[in-house]
Structure formats: C-alpha cells, structure tokens
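>>> missing the sequence, but the structure's below:
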C-alpha cells in the first residue's frame, strides 16, 4: 500500500488521545446497548449488519492500511468462523460468548498456520494467496460430507432473539474497534507504519516485519472469524457458497476503500455508507453490484483516501483527527 | 481400480485441456509480468470471449473456431479503453489501486452479463463438441484436441512475438525495469497498453474455446480466474512458455486428482497445488526468468 497511503494524514503515538478514544468506544457501547429498547426490528437488522461489517472492516483496515497486506480472503475466515460456531454449538452446546471466543482463536490459528505460505512473496501475491485460500476452504466444505457438503448445516437449537443477537454483534464490533484502537494508539502503530512504508528500512532499524505482518493478519482473521460466527448463528443455516462467498471479501474491501484506507474513521464511515447504499439500492437488486463497482472505481480514481480523506481536506474539518 | 484405457484417456484429456488452460491463463501472466497487475477481471474477459464466440455464431452462422481472429480483435480492442480510461491514470499510484479498479470492472462485467444475457448457462453448440476420438485404448473429445492445437499455436506465436520482435524487446525491457526502459526511449505506456490488449485478445480466443468445450454462465469468471492464477503461479509469473508448461501440468494433475479422489476434487487439487507452489517454489516450478 506504500504509495497509496503514504501521504495520508498521520495520527501519531499519543497515549492520552488513546484514552479518550477508549472512553468514546465504551460510551458508544453503553448507549447502543439500550438501542433494542427503542428501535424496531428493521433498525436492529441494519444495526446488526453494520456491527458485523464494522468488525470485518476494522481488521481489514489494520492489515491494508497499517501493514500493507491487501486481503481478498475475508470470506475464508468468515466462513471458518461460521462452520466452527455451528460445529461447537451443535456438538458441545457451549454458551455463545465462549463459542465466539473459540471462533476467534480458530481464525487466528488458521491465519498463523498459512502465513508462511502467504507471506513468502510480498504485496500482490499475498492478495492472490488469500483468494486461493478462501476457495480451497470452500471446495473442502463442498466436498467433505462431514461438513454438510453443498447443502450446508442447520443450527440445532433456536437462534437467540434479534435484540440479543444485536447486542452480541455490538460487542463483537466493540472488541474489534478496541483492539484496533490499542494497536493504533500504542507504540505498535509506529512499527506498523514503518513496515507498511518500507519493509526493508524497517528491518534495518530492528523491526521484524514478519512478526508485525503476522500480528495484523492473525488479529484481523480472528475478528473476521468472530464476525462470521455471530452472522452464522443469526442465519440459523449455513452453506459453503454463501459463507465462503466472495461477496464478503468484496464488501469489506469496498467499505474500507469507500471510507478511507488507513484512516481511523474509515471502517466506521465505510460500513455505515455500504449498509445505507445497500438499503438505498434494495429496490434494484439486479444493478446493485454494478453500481457499487462504479462507485469503487470513481473513489479509487478521485478520492484515494476515501470519504474520510475527502472530509479531512475540507477547511472546516481540517482539525478533525482522521 | 479403473483399467488402463480409462487412466490413459484421462491423462490425455487432462494434457489437452491443460493446453487450453494455458491459453486462457496467458493474458493474466503477461499482464502480471509487464504491468505488475493481477488482473482480477481476467476471468470475466474469458467470459466476454465466450459470449463473443456464441453471438458471432448466432449472427453470422460462421463457425466460431474459424471466427477466432475476429473474436480476438474484438476483445483486444475492447480492452484498450479499459486501459486508457481506468488503468493509465493510476500509473503512478500503488499496484493495489489498479488491482482494485480491475476488481470493480470484474463485478460490473458480471452484473452486466446477467442484465444483458440473463443468468442462464450456455454453450457454443457445435456438432464436433460431442464427437469422441479414439486412438487405440485412448478416447478423448475431439474438441479438446482442436482447442489444444489452437491454444498451443497461439501461445507459440505470442512467444515468438515476445522473444523475437521489436515489440517483444520493448515488452521484455518494460517487464524487467519500466523506469530504465523509459529512460532508454521505450514508450512504456504504449507497451503496457498493447500488452493488456494482447492479453485480452488471448483471453477472448481462450474464452471461445471454453464456450465450445464446456458450459459457461455470467458468473463463471471468478472460478476461471482462480484456476488460471494457479497456472500462472505454477509456470512462473510472466513467462510465456512457463504458462504453457504450467497449464499442461495443472490439467494433467487435475484430471488425475479427479479420477482418484472423485470429480468434486478436481478444483481442490488445483487450489492445493497453487498454495503449495506459492509456499515452496514462489518463482514457479520451472523457476525461469521473466518473458
């Protein structure tokens, strides 16, 4: 991502501002926790989707914006989380919070397992490798009957009610945002950026690029698996084509590019815009994807730092930390 | 255990299919070599070629295999505005910006195919598509042989173009070091545009062959892309002859995998091989230089 984001607005190592951000996150969690008491089902559905997207986008943004890893394999970890969640719920009956934790651990473990292959070559090859990995897992689920084959598997117990699911998704999004804030507001952020901007120079200075990239990849994958787990529980039935579908990877990438790659507010703004766009275009499902594609092309061309980057350039908002 | 006839037929079919696979991967490979771009819309370029062959047959009644030059020119020319309008303005940005742009082109194309041609799967129906050819115990579809011959001739032509012409010299120079080539008077933008167009033209011909041998649908592009990436990685990025070897190897291995493990595992073998080669022989198992 070096040239693409090297000139984006910087926010440095600032522990004090980190505390403010954590406080803001906790405040948002507390406020939204009571949303089900006021909002109707429609808004809770949208809220659920936004939370799941936000968790995915936070991780992707950390990888692409901070470590220079552009992944097209989000669906791989979403799908893995979904299958792990169903496996654990159906066979062990573990409580849901623990299930989501197991999803996260499995996602992180798979990322660590495949990283030697994926990090072997830099840049584009990582992207290609993640794409292949997602396809490999999907084909495995389709072909191995123990995983339900092409028809998929059902959740044996009834999924929780929508307000409960919304709160779970909210917590997942909160955990994701908190983890990213910790990464961005501690010394880790400096190391991440050093690796993104010039891997070799960073290595000269004593940073171990491999570990940094691995950390970002494992964290993002754990978050994606957790998001996949809660999404699967909401669906109640999963099949390989949907859970490992490229659509997940496309959505995440669009969100971060629309919001602004490498910018702190990028994932949030991107997730809100993509969900809003989906609703606005819901009446034209046949052209939905094409319109998203056109928006993507225009933004890449004219707003390399996304909507947040554009906003930061306006004189009135110049001081808004991005 | 299947008998020797089945095994040899499978392997021969796999090798022939591998030749076609190599042609359909060639564009991806040379674009990657010269432009450092993973063209995520490559699979959809193949689908464009398949539709072009289909409609060429429907409107002119001429056999699409005779019409492949027309299809090649058509798809090659279509690629020019994609390069000029979408990729060239991003030349001084990171590689990701161009890759994401092609990704957007890919989803727009897939959506456009559904809108224009409906979601039906189709194929270019010709009599020879179903004819089986027998040589002793070995039986294989005639269309595979025709496709193989067309593919290999085209790949060898491209190899000649790259290794023995002035354009090829500029192309190789741009692939090794675009900046140095530009300093020495190579019009790198023009080379990249022609390479992109050449890659698309090959994809057009390959797409027509796929359309004649198999069924295809508006969203086949994604699956095509992954398989072709496996070929490119196997053969070594950017190498023309490597792509041919990679295609044949993958075709044979997939056929063997399908025979021994079951048909559903064909693609799985390809993907597993892809990741293994990426992990252990990142320059391709031939490990040759770039084009």
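Cool, got the structure. Please read all numbers here as calculations on a predicted model, not as lab measurements.
>>> near chain B, which residues of the stretch 151-300 of chain A show up?
A:246, A:250, A:253, A:257, A:286-290, A:292-294, A:296-297, A:300 (C-beta under 8 Å from any C-beta of the partner chain). C-betas here are computed from N, CA, C, even on glycine.
>>> for those residues, point out the one with the lowest pLDDT.
Of all those, residue A:286 has the smallest pLDDT value, namely 73.
>>> quick check, that one in a helix?
Yes: applying DSSP: H, G, I helix; E, B strand; the rest coil, one finds residue A:286 inside a helix.
>>> circling back: inside helices: which ones of the residues of the stretch 151-300 of chain A next to chain B?
A:246, A:250, A:253, A:257, A:286-290, A:292-294, A:296-297, A:300 (DSSP state H).
>>> re earlier: buried subset of the residues of the stretch 151-300 of chain A next to chain B as a PyMOL selection?
Buried residues among these (16 or more other C-beta atoms under 10 Å in any protein chain shown), as a PyMOL selection:
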select buried, chain A and resi 246+250+253+257+287+288+289+290+292+293+296+297+300
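>>> flag the shaky bits of the stretch 101-250 of chain A, pLDDT-wise.
A:121-124 (pLDDT under 70).
>>> and the strands in it?
Applying DSSP state E, counting those that start in this stretch to the stretch 101-250 of chain A gives strands spanning A:153-154, A:237-238.
>>> which one of the residues of the stretch 151-300 of chain A next to chain B is nearest to residue B:161?
Among those, residue A:297 lies closest to residue B:161 (C-beta to C-beta), at 30.8 Å.
>>> so the closest one versus residue B:116, what's the distance?
19 Å (C-beta to C-beta, to the nearest Å).
>>> residue B:12 too?
Separation of residue B:12 from residue B:116 (C-beta to C-beta) stands at 37 Å.
>>> and the two? Which one has more around it.
residue B:12 (20 against 9; other C-beta atoms under 10 Å in any protein chain shown).
>>> could you pull up the residues touching that one?
B:138, B:140 (C-beta atoms under 8 Å, 6 or more residues apart in numbering or on different chains).
>>> that one: which element?
Counting by DSSP states H and E, the element that carries residue B:12 is helix B:4-35.
>>> could you give the mean pLDDT of that helix?
Helix B:4-35 comes out at a mean pLDDT of 88.
>>> before we move on, what about stretch A:71-89?
Stretch A:71-89 comes out at a mean pLDDT of 90.
>>> chain center to that stretch: distance?
13 Å (C-alpha atoms, centre = their mean, to the nearest Å).
>>> again, but for stretch A:144-155
Distance, centroid of stretch A:144-155 to centroid of chain: 25 Å (C-alpha atoms, centre = their mean).
>>> what comes into contact with that stretch?
A:83, A:86, A:89-90, A:140-143, A:232-233, A:236-242.
>>> so residue B:133 belongs to a strand, correct?
Yes: judged by three-state DSSP, residue B:133 forms part of a strand.
>>> quick check: the gap between it and residue B:148.
12 Å.
>>> which one's more surrounded, these two?
residue B:148 (25 against 15).
>>> and residue 22, what does it touch?
Looking at chain A here, since you left the chain open. Counting by C-beta under 8 Å, 6+ apart, residue A:22 has contacts A:178, A:181.
>>> was after chain B, sorry
Applying C-beta under 8 Å, 6+ apart, the residues near residue B:22 are B:151-152, B:155, B:231, B:235, B:243-248.
>>> touching chain A at all, stretch B:251-261?
No: if you take C-beta under 8 Å from any C-beta as the test, stretch B:251-261 misses chain A, and the best it gets is 8.5 Å.
>>> contacts for that stretch?
So stretch B:251-261 is contacted by B:2, B:6-7, B:10-11, B:13-21, B:265-270, B:273 (C-beta under 8 Å, 6+ apart).
>>> can you rerun that using 6 Å?
B:10-11, B:14-15, B:17-18, B:21, B:265-266, B:269-270 (C-beta atoms under 6 Å, 6 or more residues apart in numbering or on different chains).
>>> end-to-end on stretch B:234-245?
8 Å (C-alpha to C-alpha, to the nearest Å).
>>> stretch A:253-267 too?
10 Å.
>>> what sits up against it?
A:5, A:8, A:54, A:57-58, A:60-61, A:64-65, A:269-271, A:273-274, A:292, A:296, A:299, A:305-306, A:308-309, A:322.
>>> could I get the full set of helices for the stretch 201-322 of chain A?
Listed in chain order, the helices of the stretch 201-322 of chain A (DSSP state H, counting those that start in this stretch) span A:209-235, A:240-243, A:246-259, A:266-280, A:285-302, A:306-313.
>>> closest to residue B:85 out of those helices?
Among the helices of the stretch 201-322 of chain A, if distance is taken as C-beta to C-beta, the winner is helix A:285-302, at 9.5 Å.
>>> mind giving me the packing neighbours of that closest one?
helix A:246-259, helix B:95-117 (3 or more C-beta pairs under 6 Å, 6 or more residues apart in numbering or on different chains; DSSP states H and E).
>>> the longest one to helix A:246-259, inter-axis angle?
Meaning helix B:95-117. 120 degrees (axes from the mean of the first three to the mean of the last three C-alpha atoms, to 10 degrees).
>>> report the buried residues of helix B:95-117.
B:95-114.
>>> ditto for the first one
By neighbour count on 16+ other C-beta under 10 Å, the buried set for helix A:246-259 is A:246, A:248-259.
>>> closest to residue B:225 among those residues?
Looking across these and measuring by C-beta to C-beta, the closest to residue B:225 is residue A:246, at 10.0 Å.
>>> now do the contacts for the closest one.
residue B:222.
>>> let's see it at 10 Å
A:72-75, A:131, A:134-135, A:138, B:103, B:106-107, B:219, B:222, B:226 (C-beta atoms under 10 Å, 6 or more residues apart in numbering or on different chains).
>>> what does residue A:277 give?
Counting by C-beta under 10 Å, 6+ apart, residue A:277 has contacts A:254-255, A:258, A:288, A:291-292, A:295.
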